[in-house]
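Undergrad: Below are the sequence and a predicted model; questions follow.
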Amino acid sequence: MELIDPRAQSYAEEHSSVEEDLLRSIASHTYENHPHSHMLSGHLQGEFLALISLLLRPKRILEIGSFVGYSALYLSRGLEEGGMLHTLEVREEEAAVARTNFSRANAGNRILLHHGNALEIIPTLRETWDLVFIDADKTNYINYYHMVLPQVRPGGLIIADNVFFHGEVLEDQIKGENAQAIHAFNEFVSKDPSVEKLMLTIRDGLLIIRKK
């Protein structure tokens with residue numbers, strides 16, 4: 001399902017900050033060569049993530065799901081001096097590409113990539129998170145939420161991607177394991193009194209969650 005009118009998408013991109021050359025190169029290569037290029041955050045969402053990071057000025061960011069490192073580079077823009085972004089990627093090939101892209105951006109001093117299962121890695125990270133971006137396997141969104149929320153500082157943010165899951169959560173009968181998992185996550189967060197939440201119609205849907 002095409003959720004956003006392509007003309008509106010194009011217009012919004014034309015009137016937003018220009019995509020940096022390196023990020024444009026990463027996006028172009030991914031779109032042309034990766035069979036799952038639709039997983040890339042894209043220019044408009046990337047600029048949104050960067051703006052949130054710049055406003056929040058986080059010391060510690062956690063990204064669950066690196067893919068090729070595109071969104072991490074946007075998120076890292078707002079890091080305080082000496083801040084660090086931890087990003088987790090389970091697939092070896094994508095982790096290798098992300099490392100290369102971080103090296104190209106000279107971001108090794110502010111982005112640390114962990115290759116492996118996020119459910120196993122997250123408990124080993126003894127950090128207090130200012131900002132968390134969840135963009136990984138949809139069936140574990142609730143598990144990731146439970147794991148990271150206690151580590152998010154009051155006033156910190158969790159941003160969850162793909163909360164429309166290609167429009168499948170909008171159907172009268174939600175079919176498919178991933179769509180059902182995302183709907184369950186959305187419902188769970190909507191009923192959580194410990195957070196404020198706002199769902200945005202950017203790309204495939206972003207759920208902005210602020211810990212009280």
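TA: Perfect, thanks for sending it. Numbers count the residues shown, from 1 in each chain.

Undergrad: neighbours of P193, just the number please.
TA: 6 (other CB atoms under 10 Å). Every C-beta, even on glycine, is put in place using the N, C-alpha and C of the backbone.

Undergrad: Need the three-state assignment for it.
TA: Following DSSP: H, G, I helix; E, B strand; the rest coil, the label given to P193 is coil.

Undergrad: Equivalent analysis for the one 5 residues further on, please.
TA: Using three-state DSSP, the secondary structure recorded for L198 is strand.

Undergrad: ok, now H86?
TA: H86 is classified as strand under three-state DSSP.

Undergrad: Count the neighbours of it for me.
TA: If you count neighbours by other CB under 10 Å, H86 ends up with 21.

Undergrad: Who does it form a beta bridge with?
TA: In this entry, H86 is beta-bridged to L62, L112, by DSSP bridges.

Undergrad: Format the CA atom coordinates belonging to stretch 192-204 as CSV.
TA: Taking C-alpha atoms only, stretch 192-204 is exported to CSV below (Å, rounded to 0.1, in the frame of the first residue of the first chain):
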residue,chain,number,x,y,z
ASP,A,192,1.4,2.5,28.8
PRO,A,193,0.8,5.3,31.3
SER,A,194,4.6,5.7,31.9
VAL,A,195,5.1,7.4,28.6
GLU,A,196,3.8,10.1,26.3
LYS,A,197,3.4,9.0,22.7
LEU,A,198,2.8,10.5,19.2
MET,A,199,2.4,8.5,16.0
LEU,A,200,3.6,10.4,12.9
THR,A,201,2.7,9.7,9.3
ILE,A,202,6.3,9.9,8.1
ARG,A,203,7.3,7.2,5.5
ASP,A,204,6.0,3.9,7.0
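
Undergrad: Please work out the average pLDDT along that stretch.
TA: Model confidence over stretch 192-204, given as mean pLDDT, is 97.

Undergrad: contact partners of that stretch?
TA: Contact with stretch 192-204 is made by 3-4, 41-42, 44-45, 48, 149, 158, 161-166, 186, 189-190, 205-212, as judged by CB atoms under 8 Å, 6 or more residues apart in numbering.

Undergrad: Among those residues, which lie within strands?
TA: Residues of those located in strands (DSSP state E): I158, D161, L206, L207, I208, I209, R210, K211.

Undergrad: Tabulate those residues (a markdown table), appending neighbour count.
TA: Putting the ones in strands among the contacts of stretch 192-204 into a markdown table (neighbours: other CB atoms under 10 Å) gives the following:
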| residue | neighbour count |
| --- | --- |
| I158 | 24 |
| D161 | 26 |
| L206 | 23 |
| L207 | 22 |
| I208 | 17 |
| I209 | 22 |
| R210 | 14 |
| K211 | 20 |
